[in-house]
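Novice: Sequence and predicted structure below; questions after.
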Amino acid sequence: MVLAGAGDAALAARVAGALGPHYRVDEVIGRGGFAIVFRVRDLRLDRDVAAKTLHPELAAHRELADRFRQEVLTAARLNHPNIVPIYFVSDEPAATYVMPLIEGETLAARLRREGQLPMAVALGILRDVAGALDYAHDAGIIHRDVKPDNVVIESRTGRSLLMDFGIAKALAGDTVVTASGVVVGTPHYMSPEQIAGEGPVDRRSDVYSLGVMTYEMLAGGPPFEGATAAAVFALHAAERAPALRDRRPDVKEAVAAVIDRALAKLPAERMDSAGALRDALERAHGRVSLRRSGEAVIERQPADDMRLFRSVGTARGSAVVALRDANDLGAMAEAVNAAMASTHAAIERLDISAALEHVMALASRRDDPRPAFRQAPRDALRRLATDLDAIDMLAGAWRGGNEDVQGGVEQALSALLPDVAPALVEVAARSKSAEFVLLADRVGAIDGRTAEWLARHASAAVAQAFGVALRESTRPGRTIEQWLGMLARHPHPAVRALAVDTAGIHGGAVGERIARLLIADREATPRRAAIAALGASRRPGVLPDLASLLEHGDVEDRCAAAAALGALGLSEAVPVLDRVFARRRLLRAERGPVQRAAARALAALPMGLGRDSLARLRDDADGEVRAIARSVE
């Protein structure tokens, strides 16, 4: 047991007593404003889990501890692929509860490391969290503490999971300070109505917090900062959020307007759901997600209809009921066979709801506390995982389904890992479908070796599908960079161009480093895509490279360099672009195109950085340059 001191040891002993003999408390792995998290070994199922318990000084408040336990029990009803589930709640008033130990990091940790996130990544995280919130809201549960610290990004899939539902409600009204000096509550993300403590707090409060979190993902920091919690509260209550485009000029005005609406002080002026915020932001961004639902395979299920996510105990099918109730090995074998037959029948008639129901029912018995009962479900799931017809059907349902269906398919496929990985990747490669590659990524079916196989695939179409899918992957930047680096070495120039274009969408260090691999490519298409990616990186270190490219090379490369300087969005780009107009010995072939590209780049610079230079070009000899200059007020 790895514990910091006597206090931790005493608390660990209390947690061990609350959980019972089937759990072994190993070490402290996290501390927050209201709770401490332990790594715990589940001895029956031979797996590591996490146990969260109230700080002792909070648990000493009996009324608060009772409310905390009640909220945990309420949150335990939620079962959604983007919500961290609660496995077990202790009987003691302090309500220690057990949840999965997720290999990954919080969104807060990622933001501290990477700062501003690429728009595609921010949208991907938003989609996951919005789906979780809509599901909870439909069940009548308001989160009240949506913030980056409560979003966990799973390493092997990049999927975002929301945790700690209802905890803020349990602790509301208590001005308790923990031993570490942290006030319970998170002022940077609280809605004005939460701060005021007047009137009902509904789903629109979570929309406000989600808007703050989205602002932070794009800007690199929350909209309001202050020396004290009271100062931050006052800003949320009365001040308009600072303009997002002042901190992230490459964000479209329409995107900034959507976030402004989500941050409206009055609930009635915001979107009425997290999904509405997500949809509005995607429309404003103008890039259709690969996860965008097509025709729904089944109608959207309300949150209290557990057919999709909670199969065991609420299922309709007799095979599922038999699986749930099987209490001897003979009954288990019969129930598994019946469930397999029902699953195949559902696949043949394209009944996705029934198929998911039976897969999840089998998965629930695979983790039976009695080892002898696990083998038959595990064998059945292994057979399903290698059935290409079944995987084809599930993948097709994901591509055509609504958010609920997509979440259910991802949950089912995750339950079939690791055996399903080869079949799912084969389906993706055979269909050359970027959507299916993204699905494989989101359920954890792609590891480093598989990524290399896809990136170097002899079929350019397969490699391109991989590159397109990476545009929306929410894996850590270092993983995306590694995989794009493999793709950038593909023999086909179109694949290399796609790799660097995808790197440009991710921007930052990823965009810069992958672009440098291809900036001298022998083929024009990947080379010019690399030039564009340097600009999209928005990193000052690429300025000398773009300045050199603007001076040398063929006309098309120089025009691309000018456009990249405009996209770079830095004041230092202005004198570099000005030099194009100071040169007197331009060749006739390059005089018009290069100067026009430079003028367009000056006009593209944010916050009017190129305005003075354009003012000097209003009487330029080139009519198109004059028109560009005069179009900027």
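Specialist: Done, it's in. Predicted, not measured: the structure shown is a model, and the values here were computed from it.
Novice: Can you list the residue ranges for helices in the stretch 151-300 of the chain?
Specialist: Assigned by DSSP state H, counting those that start in this stretch, the helices in the stretch 151-300 of the chain fall at 167-171, 192-196, 203-219, 229-238, 244-247, 253-262, 274-285.
Novice: Reformat those helices as CSV; add mean neighbour count, mean pLDDT and distance to Ser90.
Specialist: C-beta: built from backbone N, CA, C; applies to glycine. As requested, those are exported to CSV (neighbours: other CB atoms under 10 Å; pLDDT from 0 to 100; distance: least, CB to CB, whole Å):
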stretch, mean neighbour count, mean pLDDT, distance to Ser90
helix 167-171, 24, 60, 15
helix 192-196, 18, 87, 29
helix 203-219, 25, 96, 28
helix 229-238, 16, 87, 31
helix 244-247, 16, 92, 44
helix 253-262, 18, 96, 37
helix 274-285, 20, 95, 31
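Novice: can you redo those helices as TSV with distance to Val462?
Specialist: Converted to TSV, the helices of the stretch 151-300 of the chain look like this (distance: least, CB to CB, whole Å):
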stretch	distance to Val462
helix 167-171	45
helix 192-196	49
helix 203-219	31
helix 229-238	49
helix 244-247	38
helix 253-262	32
helix 274-285	27
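Novice: wait, which of those helices is closest to Glu572?
Specialist: For the helices of the stretch 151-300 of the chain, distance to Glu572 was read as CB to CB. The smallest value, 18.2 Å, belongs to helix 244-247.
Novice: And for that closest one, what's in contact with it?
Specialist: With contact meaning CB atoms under 8 Å, 6 or more residues apart in numbering, helix 244-247 is reached by 215, 218-221, 251, 253, 255-256, 259-260, 606-607.
Novice: what's the farthest-apart pair in these?
Specialist: Every pair in the contacts of helix 244-247 was compared (CB to CB); the two farthest apart turn out to be Gly221 and Glu253, at 20.4 Å.
Novice: Residue ranges in the chain under the pLDDT threshold?
Specialist: Counting by pLDDT under 70, the low-confidence segments of the chain come to 1-7, 33, 93-94, 166-185, 198-199, 293-317, 583-591, 633.
Novice: mind checking which helix or strand the residue nearest in space to the middle of it is in?
Specialist: Among the residues of the chain, the one closest to the centroid is Ile125, at 2.4 Å (CA atoms, centre = their mean). Using DSSP states H and E, Ile125 maps to helix 119-138.
Novice: Just want the angle from that helix to helix 203-219.
Specialist: An angle of 170 degrees separates the directions of helix 119-138 and helix 203-219 when computed by axes from the mean of the first three to the mean of the last three CA atoms, to 10 degrees.
Novice: Pairing-wise in the sheet, spell out the partners of the residue nearest to the residue nearest to the centre of the chain when sequence neighbours are not counted.
Specialist: Using CB to CB, 6 or more residues apart in numbering and skipping residues adjacent in sequence, the residue nearest Ile125 is Ser160, 4.7 Å away. According to DSSP bridges, the partner residues bridging Ser160 are Ile153.
Novice: Hmm, Asn150 and Ser160 touching each other?
Specialist: No - at 10.4 Å, Ser160 and Asn150 do not qualify as touching, with contact defined as CB atoms under 8 Å.
Novice: Leu117: what's it in contact with?
Specialist: Neighbouring residues of Leu117 by CB under 8 Å, 6+ apart: Arg110, Leu111, Ile125, Met217, Leu218.
Novice: Now distance to Ala346 too, for the residues you listed, in CSV please.
Specialist: Formatted as CSV, the entries for those read as follows, by distance: CB to CB, whole Å:
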residue, distance to Ala346
Arg110, 38
Leu111, 42
Ile125, 32
Met217, 39
Leu218, 42
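Novice: Quick check: of the residues you listed, which lies closest to Ser318?
Specialist: Sorting the contacts of Leu117 by distance to Ser318 puts Ile125 at the head of the list, at 40.2 Å, by CB to CB.
Novice: measure that closest one to Leu498 for me?
Specialist: Using CB to CB, to the nearest Å, we find Ile125 at a distance of 23 Å from Leu498.
Novice: mind listing what the closest residue to Pro540 other than its chain neighbours touches?
Specialist: Once its chain neighbours are removed from consideration, Pro540 has its nearest residue in Leu570; the separation is 6.2 Å (CB to CB, 6+ apart). Leu570 makes contacts with Arg538, Pro540, Leu543, Leu609, as judged by CB under 8 Å, 6+ apart.
Novice: Leu546 now?
Specialist: By CB under 8 Å, 6+ apart, Leu546 lies in contact with Ile531, Leu534, Gly535, Ala561, Ala564, Leu565, Leu568, Ala573, Val576.
Novice: Tell me which residues of the helix or strand it falls within come out buried.
Specialist: Using DSSP H and E, Leu546 sits in helix 543-551. Of the residues in helix 543-551, those buried under the neighbour-count criterion (16 or more other CB atoms under 10 Å) are Leu543, Asp545, Leu546, Ala547, Leu549, Leu550.
Novice: right, and the helix or strand after it?
Specialist: helix 555-568.
Novice: How far does whichever helix or strand comes after that following helix sit from its chain's centre?
Specialist: As assigned by DSSP H and E, the chain's next helix or strand after helix 555-568 is helix 573-582. Helix 573-582 has its average C-alpha position 40 Å from the chain's average C-alpha position, going by CA atoms, centre = their mean, to the nearest Å.
Novice: got a list of contacts for helix 573-582?
Specialist: Outside helix 573-582, the residues that touch it by CB under 8 Å, 6+ apart are 543, 546-547, 550, 562, 565-566, 594-595, 598, 601-602, 605, 609-610, 613, 616-617, 620.
Novice: and if we set it to 6 Å?
Specialist: Under the criterion CB atoms under 6 Å, 6 or more residues apart in numbering, residues Ala547, Leu565, Val594, Gln595, Ala598, Ala601, Leu602, Leu609, Gly610, Ser613 lie in contact with helix 573-582.
Novice: helices or strands up against whichever helix or strand comes after that helix?
Specialist: Using DSSP H and E, the next helix or strand after helix 573-582 towards the C-terminus is helix 588-604. Packing partners of helix 588-604 (3 or more CB pairs under 6 Å, 6 or more residues apart in numbering; DSSP states H and E): helix 555-568, helix 573-582, helix 623-630.
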